[in-house]
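Chemist: Give me a model of this one.
(2 chains)
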Amino acid sequence: NAGVMQNPRHLVRRRGQEARLRCSPMKGHSHVYWYRQLPEEGLKFMVYLQKENIIDESGMPKERFSAEFPKEGPSILRIQQVVRGDSAAYFCASSPDRRGSEAFFGQGTRLTVV
Amino acid sequence: DQQVKQNSPSLSVQEGRISILNCDYTNSMFDYFLWYKKYPAEGPTFLISISSIKDKNEDGRFTVFLNKSAKHLSLHIVPSQPGDSAVYFCAAVFQGGSEKLVFGKGTKLTVNP
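Modeler: Down below sits the predicted model:
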């Protein structure tokens, strides 16, 4: 039973490019949370999605960031026109239902903007 | 505003001794608390949790204490082992909403052989 899979593990983008981060939840999980960890900080909630629905995006920056979780395929966190301040580790967590406290985390994608 | 605070960025203890990691929170709406362990380049892994209706939860070498009146919780590891060396995050959640976790900044624990 594979865990939460995130890819790529490392992503380097130049300023102004787009970054796409993928998260495949555990089998049977239909709820996905995305968190961001800036250097020397704790993880901060970004968005909570259920299949085909955004439930809570209160932690998402208003511009350039978007997320989706289609009926088929992984959840995608998309960052347009990346800036240096977007450099961080991005983690997703999945759960079988609306219990974020029981979600399992993936290994993260480390985004570096140069 | 930091709703969950871990005021000690690092802690160093000797193998076999007790490690005590502390966490304070400000939002009285939180009703469930968790501790995660994180190794470099890996995701957080769940360690232990406690509901706000309890004041103690124990799992093997790990015990979490909750003092609601002081809005304070602590994680005790006894005895500490070198493999416990990692960053420990305290997290809080309000159950019933979207259940997003609110994390502290973490405490880096080093257990010396």
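Chemist: and A:R84, what are its phi and psi?
Modeler: phi -60, psi -40 (degrees, to the nearest 10).
Chemist: Using PDB, write down the CA coordinates of the host helix or strand of B:N22.
Modeler: Assigned by DSSP states H and E, B:N22 falls within strand B:19-25. Extracted in PDB, the C-alpha atoms of strand B:19-25 (Å, rounded to 0.1, in the frame of the first residue of the first chain):
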ATOM      1  CA  SER B  19      13.500  14.900  26.600                       C
ATOM      2  CA  ILE B  20      10.800  17.500  27.200                       C
ATOM      3  CA  LEU B  21       9.500  19.500  24.300                       C
ATOM      4  CA  ASN B  22       7.100  22.300  25.000                       C
ATOM      5  CA  CYS B  23       4.300  24.000  23.000                       C
ATOM      6  CA  ASP B  24       1.900  26.900  23.700                       C
ATOM      7  CA  TYR B  25      -1.200  27.900  21.900                       C
END
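Chemist: what's the next secondary structure element after it?
Modeler: strand B:32-38.
Chemist: And the contacts of that following strand?
Modeler: Strand B:32-38 is contacted from outside by A:101, A:105, B:21, B:23, B:25, B:44-52, B:62, B:64, B:66, B:73, B:75, B:84, B:86-95, B:101, B:103, B:106, using CB atoms under 8 Å, 6 or more residues apart in numbering or on different chains. The C-beta positions use only the backbone N, C-alpha and C, and glycine is treated the same way.
Chemist: I only care about these that end up buried; give me the PyMOL line for that.
Modeler: Of the contacts of strand B:32-38, the buried ones go into a single PyMOL selection, burial set by 16 or more other CB atoms under 10 Å in any protein chain shown:
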select buried, (chain A and resi 101+105) or (chain B and resi 21+23+25+44+46+47+48+49+50+52+62+64+66+73+75+84+86+87+88+89+90+91+92+93+94+101+103+106)
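Chemist: what about B:V111, distance to B:Y88?
Modeler: 12 Å (CB to CB, to the nearest Å).
Chemist: what does chain B have sitting close to chain A?
Modeler: Residues of chain B lying near chain A by CB under 8 Å from any CB of the partner chain: B:4, B:6, B:32, B:34, B:36, B:41-46, B:49, B:89, B:93, B:95, B:97-106.
Chemist: What ranges in chain B fall below the confidence cut-off?
Modeler: Scanning chain B for pLDDT under 70 picks out no residues.
Chemist: Do a quick rundown of the strands in it.
Modeler: B:4-5, B:10-14, B:19-25, B:32-38, B:45-51, B:56-59, B:62-67, B:72-77, B:86-93, B:102-103, B:107-112 (DSSP state E).
Chemist: Right, I'll leave it there.
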